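Participant: sequence and computational prediction follow.
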Amino acid sequence: GRKLWGEAVALRAREESVRLGRAVLVVCEHVVDAEMIKELLESPKDSPKNVFLYTRDDIEEQRRVPERELQGGDVVVATNLGGRGTDFRVSREVAGRGGL
């Protein structure tokens, strides 16, 4: 069910961020799903450089993410109420690899 779905999403985000050097935005409907995917992404040894949680419930993270330029290997896990990616700036390297 939900755990299997989360593992598949985390695997794909890991492939895009670590293997291809892209910044990745994962948008979830529920905060609990976003938290689960963030936890899954942070657990293996081949985890992305930075994993950010960007939800309406996480004010600290919302202030921090838009202030920095996303680099290759970064993953933002957001809820559809938290963000759609329009607040994020990406590095030239990330833009050259297809953007967010």
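Facilitator: Received the coordinates, thanks.

Participant: quick check: pLDDT value at the spatially most central residue of the chain.
Facilitator: For the chain, the residue sitting closest to the mean C-alpha position, by Cα atoms, centre = their mean, is Val76 at 2.2 Å. Here the pLDDT value assigned to Val76 is 91.

Participant: so what secondary structure elements neighbour the host helix or strand of it?
Facilitator: Following DSSP states H and E, the helix or strand that holds Val76 is strand 74-79. With contacts defined as 3 or more Cβ pairs under 8 Å, 6 or more residues apart in numbering; DSSP states H and E, the packing partners of strand 74-79 are helix 2-14, strand 24-28, helix 31-42, strand 50-54. In this view, the C-beta of every residue, glycine as well, is placed from N, C-alpha and C.

Participant: tilt between the first one and strand 24-28?
Facilitator: Compare the direction of helix 2-14 with that of strand 24-28 by axes from the mean of the first three to the mean of the last three Cα atoms, to 10 degrees and you get 160 degrees.

Participant: show me what helix 2-14 is in contact with.
Facilitator: The set of residues that contact helix 2-14 without belonging to it, under Cβ atoms under 8 Å, 6 or more residues apart in numbering, is 24, 26, 33, 36-37, 40-41, 44, 46-48, 75, 77.

Participant: so which of those residues is the closest to Gly96?
Facilitator: Val24 (15.4 Å; Cβ to Cβ).

Participant: and the contacts of helix 2-14, which are buried?
Facilitator: Taking 16 or more other Cβ atoms under 10 Å as the criterion, what is buried in the contacts of helix 2-14 is 24, 26, 33, 36-37, 40-41, 47-48, 75, 77.

Participant: pretty sure the residue nearest to the centre of the chain is touching Cys28, no?
Facilitator: No - Val76 sits out of contact with Cys28 when judged by Cβ atoms under 8 Å, with a separation of 11.1 Å.

Participant: pairing partners for the strand holding Val76, with directions?
Facilitator: Each strand that pairs with strand 74-79, with its direction, by DSSP bridges: strand 24-28 (parallel), strand 50-54 (parallel).
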